[in-house]
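Participant: I'd like to go over a predicted model; first the sequence, then the structure.
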Amino acid sequence: MTYSGAIQFLRGLQMFGANFGLETARRLARAAGNPHERLQFIHVAGTNGKGSTCAMLESIYRTAGLRVGLYTSPHLVSFRERMQVNRELISEADVARLVADARGWLETARTEAPATFFEVVTVMAMRHFAERQCDLVIWETGLGGRLDATNIVTPLASVITNVQFDHEKWLGDTLEKIAREKAGIIKPRVPLVTAVDEADALAVMREISQQQLAPMHVISGDDLARVPVTLSLRGEHQRRNAAVACRVVEVLRGVFPVQEETIRRGLELVEWPARFQSVQRGSQTLLLDGAHNPAGAVALANVLQQHFGAQPHTLILGVLDDKNWRGVCHTLAPLARQIITVPIASPRSADPAQLASACREANSVAQVRTMKTCADALEATRAEPLVVITGSLYFVGEAIERLGLSSAPGERALNEWTQSVDSNAR
């Protein structure tokens, strides 16, 4: 099995979509030798901020001297981003070997429903982290929580960053319904740390925590004030994510003692691309941020106003059609002087003409136009001093590749998925 062959095999699994349920993941894990039983996890769910919180936890514990696995999705450019040990991407050789092994697991497991890309990759990650003898794994959910393949683990702590509207088609059309899906990661007597602050969603967290006898730790204003450092990741929302990470470290001090100076240093050093990431192209500043839903757009708007004030900027926007792109447009368009909407290289891309129309509704004085590709938009804005590229992590990943910051041709397409069965069927 070559690396290119492994990527091709994984691409073939996408035809099976996204099955929401745990039985297939459990069968695959058993076939792989239940590697998760040799590991310790912090399981992180939430609508926004999961990735940043995971990156903060990883940085803190790595700074403390632990060997830390990090499992996140989607990837921006390279599939290898999904599995990292001490921020070293899994090697191409290990991907090829694990995919070859996975073909055997699939034969052994003989699952009733075809195993999906995410289920297979999740078990590959468990095996990789076990082989690398990780002391701790920071483990991000894919979608929701209750029926997400990552939920077959029993962690040291569960984390739910927040509950906002996103993926309503699969998770529910109210915050209470979405909260119940997220709260599905809460395990018996395993502590929960959460920054959920919406009343209905928080009530669900309390209800499920009480049922599971799980100690619940809710982030407060005092926690935000105690974040011990100026963060490398900018924005008030990142201080909230940092407060969550700090509380998790505090809750788990009996397992992994970490000094305050180590926490401070870990937060100073954390890196997480596509979260208000600043890139210089000559004298031009490019800001890349995956504001893929209305709550993410609000966070981006707040950071823009905080750090750049009234400085005029150009907005390059590409959004997936299954997102609330109208809400994203209405939040971000009023801040821009010029707006360019483009399609994402995905069959799920929103129509750039519809994006442009929504932007004109929100900002009648900006110059708004559409372009055929991200590359066209980047070329057309070379003379602009400040450009914001946002709307979807898929789109930001494409921009990163176009800008030459990273390259893995064809691997961004592995992020594509569709739901193949009813979420309650399994």
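Facilitator: Perfect, thanks for sending it.
Participant: pretty sure residue 299 is touching residue 292, no?
Facilitator: No. The criterion here is Cβ atoms under 8 Å, and residue 299 misses it with residue 292 at 11.0 Å. All C-beta spots, glycine's among them, are computed from the backbone N, C-alpha and C.
Participant: where do the contact lists of the two overlap?
Facilitator: Taking Cβ atoms under 8 Å, 6 or more residues apart in numbering as the contact rule, residue 299 and residue 292 touch no residue in common.
Participant: for the nearest residue to residue 122 once chain neighbours are set aside, give me its contacts.
Facilitator: Closest residue in space to residue 122, ignoring its immediate chain neighbours: residue 149 at 4.4 Å, by Cβ to Cβ, 6 or more residues apart in numbering. Each residue near residue 149 by Cβ under 8 Å, 6+ apart is listed here: 22, 24-25, 116, 118-119, 122-123, 142.
Participant: the same query, at a cut-off of 7 Å, please.
Facilitator: Residue 149 makes contact with 25, 118-119, 122, 142 under the criterion Cβ atoms under 7 Å, 6 or more residues apart in numbering.
Participant: from these, which is closest to residue 39?
Facilitator: Closest approach between these and residue 39, by Cβ to Cβ: residue 122, at 12.6 Å.
Participant: please enumerate the strands of the stretch 151-300 of the chain.
Facilitator: Shown for the stretch 151-300 of the chain, the strands assigned by DSSP state E, counting those that start in this stretch span residues 157-160, 192-194, 216-218, 277-281, 284-289.
Participant: highest neighbour count among the contacts of residue 149?
Facilitator: Highest neighbour count within the contacts of residue 149, by other Cβ atoms under 10 Å: residue 119, with 33 neighbours.
Participant: identify the farthest-apart pair in the contacts of residue 149.
Facilitator: 25 and 142 (10.7 Å).
Participant: what about the residue nearest to residue 122, distance to residue 284?
Facilitator: Per Cβ to Cβ, to the nearest Å, residue 149 is found 41 Å from residue 284.
Participant: got it, and residue 300?
Facilitator: Distance from residue 300 to residue 284, counting by Cβ to Cβ: 19 Å.
Participant: please apply the same query to residue 393.
Facilitator: 22 Å.
Participant: neighbour count winner among the two?
Facilitator: residue 393 (25 against 15).
Participant: right, and that one touches residue 292 too?
Facilitator: Yes. Using Cβ atoms under 7 Å, residue 393 is in contact with residue 292, at 6.0 Å.
Participant: for burial, what's the neighbour tally of residue 295?
Facilitator: By other Cβ under 10 Å, the residues close to residue 295 number 22.
Participant: please apply the same query to residue 386.
Facilitator: Residue 386 is flanked by 18 other residues according to other Cβ under 10 Å.
Participant: next one: residue 347
Facilitator: As a burial measure, residue 347 scores 9 neighbours (other Cβ under 10 Å).
Participant: part of a helix, is it?
Facilitator: No. According to DSSP: H, G, I helix; E, B strand; the rest coil, residue 347 belongs to no helix; its state is coil.
Participant: just to revisit the earlier point, do you know the pLDDT at the residue nearest to residue 122?
Facilitator: pLDDT recorded at residue 149 is 96.
Participant: residue 220 versus that one, what's the distance?
Facilitator: 33 Å.
Participant: got it, and residue 409?
Facilitator: Here the distance between residue 409 and residue 220 works out to 46 Å (Cβ to Cβ).
Participant: and if you look at residue 381?
Facilitator: In terms of Cβ to Cβ, residue 381 sits 42 Å off from residue 220.
Participant: so which of those two has more stuff around it?
Facilitator: Each of residue 381 and residue 220 has its neighbours counted (other Cβ under 10 Å); residue 381 has more, 22 against 13.
Participant: isn't residue 289 right next to residue 301, touching?
Facilitator: No. Look at residue 289 against residue 301 with Cβ under 7 Å: they stay out of range, at 10.2 Å.
Participant: who has more neighbours, these two?
Facilitator: residue 289 (25 against 16).
Participant: for that one, list the residues it contacts.
Facilitator: Counting by Cβ under 7 Å, 6+ apart, residue 289 touches 274-277, 300, 390, 396.
Participant: these in helices, which ones?
Facilitator: Assigned to helices by DSSP state H, the following of these qualify: 300, 396.
Participant: for the residue nearest to residue 206 when sequence neighbours are not counted, what are its contacts?
Facilitator: Nearest non-adjacent residue to residue 206, counting by Cβ to Cβ, 6+ apart: residue 216, 6.4 Å away. Residue 216 is in contact with 192, 205-206, 209, counting by Cβ under 7 Å, 6+ apart.
Participant: please check those and keep the buried ones.
Facilitator: Neighbour counting with 16 or more other Cβ atoms under 10 Å marks 192, 205, 209 as buried within the contacts of residue 216.
Participant: in contact with residue 80, which residues?
Facilitator: Residue 80 is in contact with 89-90, 95, counting by Cβ under 7 Å, 6+ apart.
Participant: so which of these is the most crowded?
Facilitator: When the contacts of residue 80 are compared by neighbour count (other Cβ under 10 Å), residue 95 ends up highest, at 25 neighbours.
Participant: tell me which element that residue falls in.
Facilitator: Secondary structure assigned from DSSP states H and E places residue 95 in helix 92-109.
Participant: what comes up buried for that helix?
Facilitator: Within helix 92-109, the residues that count as buried by 16+ other Cβ under 10 Å are 92, 94-99, 101-102, 105-106, 109.
Participant: closest to residue 36 among those?
Facilitator: Top of the list for closeness to residue 36, among those and by Cβ to Cβ, is residue 105 at 13.5 Å.
Participant: contact partners for that closest one?
Facilitator: Contacts for residue 105 (Cβ under 7 Å, 6+ apart) come out as 28, 31-32, 123.
Participant: could you export those as JSON lines, including neighbour count?
Facilitator: Listed next are the contacts of residue 105 as JSON lines, based on neighbours: other Cβ atoms under 10 Å:
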{"residue": "28", "neighbour count": "24"}
{"residue": "31", "neighbour count": "19"}
{"residue": "32", "neighbour count": "22"}
{"residue": "123", "neighbour count": "32"}
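Participant: from those, which two are the most distant?
Facilitator: Maximum pairwise distance among those (Cβ to Cβ): 8.2 Å, between 31 and 123.
Participant: by mean pLDDT, point me to the weakest helix or strand of this structure.
Facilitator: None of the helices or strands of the chain scores lower by mean pLDDT, DSSP states H and E than helix 168-171, at a mean of 67.
Participant: and the next helix or strand after the helix holding residue 95, what's buried?
Facilitator: Downstream of helix 92-109, the next assigned helix or strand under DSSP H and E is helix 117-131. For helix 117-131, burial by neighbour count (16+ other Cβ under 10 Å) applies to 117-130.
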